[in-house]
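Asks: can't give you the sequence, but here's the structure:
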């Protein structure tokens, strides 16, 4: 019995078991960014999106160096409770983000986001990509709003000037899409905004 309890506790700590079965937005830690930074991004995303966001560690995915192969490997790791599975990885490709909406997977490529950035600037770049991934994996499109994190951008400097969250109409759209996928507002967060 003691061994069973230790195994269960170890599995929980490793992120292998999601006990409640509630739907979550899942950030996948491949070791691409500092664990403390990823936790700050998780906390920000949960507060802004108002849905449960968890982190799971999958360091074996770090060995994969292209979006398509990483998406296929991520499909094998994604659980039924993962409404969206956002992998934060370091790939040698130039693209910052690839979204595979049909499988509910998005891949944030942290490596090119590090160019000319350190500390808080780098964290905000990765954070913006996570917020963009959360929207696009649910089928939202870029908004023309210059302050919305989903708007199109042309350079890292342009990315650095955009907002960190969604415009009010996109917040309401995200809430509707999240509810369709079984996500409920996180206990510590305010309920979803009402659509007008």
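Replies: Nice, thanks for sending it over. It should be emphasised that the depicted structure is a prediction, and the values quoted were computed from it without experimental measurement.

Asks: Spell out, range by range, the helices that occur in this structure.
Replies: With DSSP state H as the criterion, the chain has helices at 2-13, 35-49, 67-77, 110-113, 119-136, 156-161, 168-180.

Asks: among those, which is nearest residue 21?
Replies: Checking the helices of the chain against residue 21 by Cβ to Cβ gives helix 2-13 as the closest, at 13.5 Å. Just so you know, the C-beta spots here come from the backbone N, C-alpha and C atoms, and that holds for glycine as well.

Asks: and that closest one, what's its mean pLDDT?
Replies: Per-residue pLDDT over helix 2-13 has a mean of 41.

Asks: repeat for stretch 81-101
Replies: Stretch 81-101 comes out with an average pLDDT of 96.

Asks: how about it: buried residues?
Replies: Within stretch 81-101, the residues scored as buried using 16 or more other Cβ atoms under 10 Å are 81-91, 96-100.

Asks: which two in those residues are spaced the farthest apart?
Replies: Greatest spatial distance among those (Cβ to Cβ): 81 and 96, at 26.9 Å.

Asks: shaky segments in this structure?
Replies: Across the chain, the stretches falling below the confidence threshold (pLDDT under 70) are 1-20, 186-196.

Asks: what residues does the lengthiest strand in it touch?
Replies: Across the chain, the longest stretch assigned as strand under DSSP state E is strand 82-89. Contacts to strand 82-89, defined as Cβ atoms under 8 Å, 6 or more residues apart in numbering, come from residues 23-30, 32-33, 38, 51, 58, 61-62, 64, 70, 74, 77-78, 104-110, 126, 130, 133-134, 137-138, 178, 181-183.

Asks: Repeat the analysis, applying 6 Å as the threshold.
Replies: 23, 25-28, 30, 32-33, 74, 78, 104-108, 110, 130, 133, 137, 181, 183 (Cβ atoms under 6 Å, 6 or more residues apart in numbering).

Asks: same check, this time on stretch 37-52
Replies: Contacts of stretch 37-52 (Cβ under 6 Å, 6+ apart): 24-25, 27, 29, 53, 55, 123, 127, 130, 165, 178, 183, 185-186, 189, 192.

Asks: give me the number of residues near the residue lying closest to residue 149 once chain neighbours are set aside?
Replies: Spatial nearest neighbour of residue 149, excluding adjacent residues (Cβ to Cβ, 6 or more residues apart in numbering): residue 131 at 4.6 Å. Neighbour count for residue 131, taken as other Cβ atoms under 10 Å: 25.
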